[in-house]
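J.: One predicted model, sequence on top.
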Amino acid sequence: MLLAQSPLEVTPLEPDHGIVFPEEGDDYAANAIAKAKTVARALGEPAVADDSGLEVDALDGGPGPRSARYGGPGLDDAGRVSKLLEALEGVPPASRGARFYCVAACAWPDGTVVTAAGACPGHIATRRRGRGGFGYDPIFVPEHYDVSMAELAAHEKDAISHRGRAFRALYEAIREARSGWLEGGA
């Protein structure tokens, strides 16, 4: 859990939570805020959510916020990776720059919201590498690394990942916005 090192008590939603989330759009912050607000209103307590995606320079920043839906309905992670590799076929290494990007949001039932962003720059490999991670991890090589995200140990990935960076920044934003809440206040 990305907030495990913080003093916050984080409880994941149960699989059968019954909360209906709004349809996601083309904006990371709007998507993360909508999800966090939906849960905060439904449960009557603060809620944290995020939205993230892969931005590829050669695809004009795509697939971006639609990364989980890239290639259309019915594609799983492996299918999306294949589709992305096909789209980049023939693109030289120097033009395969990319970054993972994440916006994390915390919303309170009173409507207060804080957000933070994180990015992990790198490039897209020409083939899958590694068995760990999920999504695009097998083809994303972080900056200053010679291995894909799927080849990193979980603690290494969390230290450099877009989500890890966003959630560490979110904790600091929460501290600034609601320091009393962190100490047991509202």
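T.: In hand now; what should we look at? Everything numeric in this text was worked out from a predicted model, so none of it was measured.
J.: What's the separation between residue 178 and residue 172?
T.: Note on residue 178: its distance to residue 172, by CB to CB, to the nearest Å, is 12 Å. Backbone N, C-alpha and C define where each C-beta goes, glycine included.
J.: So for those two, which residue has more residues nearby?
T.: Neighbours per residue, other CB atoms under 10 Å: of residue 178 and residue 172, the larger number sits with residue 178, 17 against 13.
J.: Need the residues that contact stretch 131-140.
T.: Residues from elsewhere that reach stretch 131-140 (CB atoms under 8 Å, 6 or more residues apart in numbering): 54, 67-68, 77, 80-81, 84-85, 98, 100, 122-125, 127-130, 148-154, 157.
J.: Apply the buried test to those residues and list what passes.
T.: 54, 67, 80-81, 84-85, 98, 100, 122-125, 128-130, 148-152, 157 (16 or more other CB atoms under 10 Å).
J.: Using CSV, write out the CA atom coordinates for the helix or strand containing residue 32.
T.: Using DSSP states H and E, residue 32 maps to helix 28-43. This file holds the C-alpha atoms of helix 28-43, laid out as CSV (Å, rounded to 0.1, in the frame of the first residue of the first chain):
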residue,chain,number,x,y,z
TYR,A,28,-6.5,12.6,-14.8
ALA,A,29,-7.3,15.1,-12.0
ALA,A,30,-11.0,15.2,-12.9
ASN,A,31,-11.2,11.4,-12.9
ALA,A,32,-9.3,11.0,-9.6
ILE,A,33,-11.4,13.8,-7.9
ALA,A,34,-14.7,12.3,-9.1
LYS,A,35,-13.8,8.9,-7.8
ALA,A,36,-12.7,10.2,-4.4
LYS,A,37,-15.7,12.5,-4.0
THR,A,38,-18.1,9.6,-4.9
VAL,A,39,-16.6,7.4,-2.2
ALA,A,40,-16.4,10.2,0.4
ARG,A,41,-20.1,11.0,-0.1
ALA,A,42,-21.2,7.4,-0.1
LEU,A,43,-19.3,6.5,3.1
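J.: ok, and for it, which residues are buried?
T.: Buried residues in helix 28-43 (16+ other CB under 10 Å): 28-40, 42.
J.: out of those, who's nearest residue 63?
T.: Comparing those against residue 63 with CB to CB places residue 28 closest, at 12.2 Å.
J.: Show the model's pLDDT score for the closest one.
T.: pLDDT for residue 28: 97.
J.: which residues touch it?
T.: Counted by CB under 8 Å, 6+ apart, residue 28 has contacts 51-53, 65, 101-103, 117.
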